[in-house]
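A.B. asks: 3D model of this:
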Amino acid sequence: MDPLIAETLVTLGSEASSKSVISFSELIALKFFGKSIARLKAESVVEADKVTSRWEEIEKPMWLQAEAVKMNRQYNNLGNVLQKTSKYITAAEHAVSDDNDLFWGLLEHAKEITSDEMQDLIAKIIAGEYNSPNTYSMSTLQVLKSLGKNELREFEKLGSFMVDNSVFLVDFFSTEKSQSEVRQKLAINYTTFVELQNLGLIQSSSHSYLVHLKKDNIVEVQYFDHKIECKSKLDQENYRVPNRHALTKAGREILQHLNPQFSQVFFDWLHSFCSSAAFEVVKK
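C.D. replies: Got it, this is the predicted structure:
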């Protein structure tokens, strides 16, 4: 017996309905179920009692136990994050308003995070928003909800290959032999780069721009605290700067709390990349 149809017939056949509707409902009930409306109604009451009994005796205790485990996990996580956050609190008085959805949303999200690395990151962001409200964007909270410890580690690792402290060179991810060999040596997977773009940490589109250069003009490329000085070999009216991928706002706000490392292998590749038909490296 379809419970939804039976319930509908019981409702239609109630005393509140017109006599014609009651008669119609009785006919359908007898035709499809072989039972009167009164019988269907009685059975529905019995079934409801069974459901209530099953809930009270079996399902409710199991649900309460599961909820207790869930709450214990959530508040352990939140407690750990709050302890970590306290190390970074500097504001004498708070200025967090009730409508700061980012701040309160971060606290709610902290309940779901068990990874020590992710807890450290969220603690720093919570403290930063507490110390100076409106420092972070809602996009950062949304990205954090999709970010796990493995993605965080990959993002930190890729941060080691940014130039000018803000961009990734598109050429570094080309299929040319020299780039492929360097990426293989550094264990960089382009698929991971694309995944981080999809997570909203790195802009999916690249950008470039034109500059006017005179012969012997110096162009600096920065990598951590190292600078590569490149001298233009000739006059160049419309030199196109190599394409680059920038970080998103969320990517910038998160990466500042991570610890990318200087790579000599990448720095050597960057030096050779800067040496071209248009430039010669005069200092690195």
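A.B. asks: okay, domains of this protein per the record?
C.D. replies: 3-79, 148-284 (automatic domain parsing).
A.B. asks: looking at these, which has the lowest confidence?
C.D. replies: Per-segment mean pLDDT for the domains of the chain reaches its minimum on domain 3-79, at a mean of 70.
A.B. asks: just to revisit the earlier point, kindly reformat the domains of the chain as TSV containing distance to residue 117 and mean neighbour count.
C.D. replies: Bear in mind the C-beta positions are built from the backbone N, C-alpha and C, glycine included. Formatted as TSV, the domains of the chain follow (distance: least, CB to CB, whole Å; neighbours: other CB atoms under 10 Å):
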stretch	distance to residue 117	mean neighbour count
domain 3-79	13	13
domain 148-284	5	15
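A.B. asks: could I get these as JSON lines with distance to residue 88?
C.D. replies: Below are the domains of the chain laid out as JSON lines (distance: least, CB to CB, whole Å):
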{"stretch": "domain 3-79", "distance to residue 88": "16"}
{"stretch": "domain 148-284", "distance to residue 88": "10"}
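A.B. asks: tell me which of those approaches residue 102 most closely.
C.D. replies: Within the domains of the chain, the stretch nearest residue 102 is domain 148-284; the backing value is 10.8 Å (CB to CB).
A.B. asks: now do the closest one: distance to the chain's middle.
C.D. replies: Its chain's C-alpha centre and that of domain 148-284 lie 23 Å apart, by CA atoms, centre = their mean, to the nearest Å.
A.B. asks: and if you look at stretch 128-135?
C.D. replies: 20 Å.
A.B. asks: residues making contact with it?
C.D. replies: Under the criterion CB atoms under 8 Å, 6 or more residues apart in numbering, residues 85, 88-91, 94-97, 100, 102-103, 106, 136 lie in contact with stretch 128-135.
A.B. asks: cool, and stretch 211-224?
C.D. replies: Contacts of stretch 211-224 (CB under 8 Å, 6+ apart): 163-165, 227-239, 241, 262, 266-267, 270, 274, 279, 282.
A.B. asks: again, only using 7 Å
C.D. replies: 163-165, 227-237, 239, 241, 262, 267, 270, 274, 279 (CB atoms under 7 Å, 6 or more residues apart in numbering).
A.B. asks: same thing with stretch 100-117?
C.D. replies: 74, 77-78, 81, 96, 119, 122, 125-126, 129-130, 133, 136, 138, 141, 144-145, 149, 152.
A.B. asks: ends of that stretch, how far apart?
C.D. replies: Here the two ends of stretch 100-117 are set 25 Å apart, with distance taken as CA to CA, to the nearest Å.
A.B. asks: now do the helices in this structure.
C.D. replies: Applying DSSP state H to the chain gives helices spanning 3-12, 19-33, 37-54, 60-86, 101-110, 116-131, 138-146, 149-158, 177-185, 190-198, 249-255, 264-274.
A.B. asks: which of the contacts of stretch 100-117 are buried?
C.D. replies: 74, 77-78, 81, 96, 119, 122, 125-126, 129-130, 133, 136, 141, 144, 152 (16 or more other CB atoms under 10 Å).
A.B. asks: how close does the closest residue in space to residue 119 that isn't next to it in sequence get to residue 195?
C.D. replies: Nearest non-adjacent residue to residue 119, counting by CB to CB, 6 or more residues apart in numbering: residue 81, 5.1 Å away. Distance, residue 81 to residue 195, by CB to CB, to the nearest Å: 25 Å.
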